[in-house]
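Colleague: what would the 3D arrangement of this be:
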Amino acid sequence: MQFVLIFGPQAVGKMTVGQELEKITELKLFHNHMTIELVYPLFGFSQETWRLVDLFRLEIFKEVAKSDLSGMIFTYVWAFDQQEDWDFVETICRIFEEKGGDIYFVELEADFEERLIRNKTPHRLEHKPTKRNIKQSERELKSSMDVYRLNSIKGEIKRRNYIKINNTKLQPEAVAKMIKDQFHL
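Modeller: Below you'll find the predicted structure:
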């Protein structure tokens, strides 16, 4: 079982890279908005939404970890200055490690101006209805930079299987191939 965690700030390309990685491996993509988009129509962006999103994610991780699937790709916006995000990442890694799974961390970073462009792409908006209000989505993208640290600092990630990629000028297919080659997926 292989568990690939692709993380980075909003609109950095996590889902798109994950989709490309899914095409060239036997791993299944579970991007973070799959659960958000499920719960949001019922509760909006509320405390109940985030509780249910985490609950659904954890249950899905447990089922995948004990399944006969080759593995999973999960995308996540990780606030490095929030202990609860560190705890969540540790919890999901432990779910797979306890079943003998191998964990791979992929951190994406891209220039802010490029992320603003990606935030509006038809592909993103097709898969993430909650991002279709561009003004709101852009406002959240900008304000989160002032509130959270969404990329790691050098040496912060201690895991052996870790790669950080600046994909500002890279195509998703190239990034997926880099990940596959780096970790022999």
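
Colleague: so which residues of this protein form helices?
Modeller: Counting by DSSP state H, the chain has helices at residues 14-24, 33-43, 47-65, 83-97, 112-118, 122-127, 134-147, 172-183.

Colleague: let me have the ones you listed in CSV, adding mean neighbour count and mean pLDDT as columns.
Modeller: Any C-beta I mention is one placed from the backbone N, CA and C, and that applies to glycine too. Listed next are these as CSV, based on neighbours: other C-beta atoms under 10 Å; pLDDT from 0 to 100:
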stretch, mean neighbour count, mean pLDDT
helix 14-24, 22, 97
helix 33-43, 16, 91
helix 47-65, 15, 96
helix 83-97, 15, 97
helix 112-118, 15, 95
helix 122-127, 13, 84
helix 134-147, 13, 91
helix 172-183, 17, 98
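
Colleague: do you know which of these lies nearest residue 73?
Modeller: helix 14-24 (4.6 Å; C-beta to C-beta).

Colleague: who's in contact with the closest one?
Modeller: For helix 14-24, the surrounding residues in contact (C-beta atoms under 8 Å, 6 or more residues apart in numbering) are 4, 6-8, 27-29, 31-33, 73, 75-77, 106, 108, 123-124, 127-128, 167, 172-173, 175-177, 179-180, 185.

Colleague: put the alpha carbons of it into PDB.
Modeller: Only the C-alpha atoms of helix 14-24 are listed here, as PDB (Å, rounded to 0.1, in the frame of the first residue of the first chain):
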ATOM      1  CA  LYS A  14      -2.400  19.600  -6.200                       C
ATOM      2  CA  MET A  15      -5.600  18.000  -7.700                       C
ATOM      3  CA  THR A  16      -4.300  18.400 -11.300                       C
ATOM      4  CA  VAL A  17      -1.000  16.800 -10.500                       C
ATOM      5  CA  GLY A  18      -2.800  14.100  -8.500                       C
ATOM      6  CA  GLN A  19      -5.000  13.400 -11.500                       C
ATOM      7  CA  GLU A  20      -1.900  13.000 -13.700                       C
ATOM      8  CA  LEU A  21      -0.200  10.800 -11.200                       C
ATOM      9  CA  GLU A  22      -3.300   8.600 -11.000                       C
ATOM     10  CA  LYS A  23      -3.100   8.100 -14.800                       C
ATOM     11  CA  ILE A  24       0.500   6.800 -14.700                       C
END
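
Colleague: on that earlier part again, closest to residue 162 out of the helices of the chain?
Modeller: helix 172-183 (9.5 Å).

Colleague: centroid-nearest residue for the protein?
Modeller: In the chain, the residue lying closest to the centroid (C-alpha atoms, centre = their mean) is residue 75, at 1.6 Å.

Colleague: so who does the residue nearest to residue 57 when sequence neighbours are not counted touch?
Modeller: Among residues not flanking residue 57 along the chain, residue 35 sits closest, at 5.6 Å (C-beta to C-beta, 6 or more residues apart in numbering). Under the criterion of C-beta under 8 Å, 6+ apart, the neighbours of residue 35 are 52, 53, 56, 57, 60.
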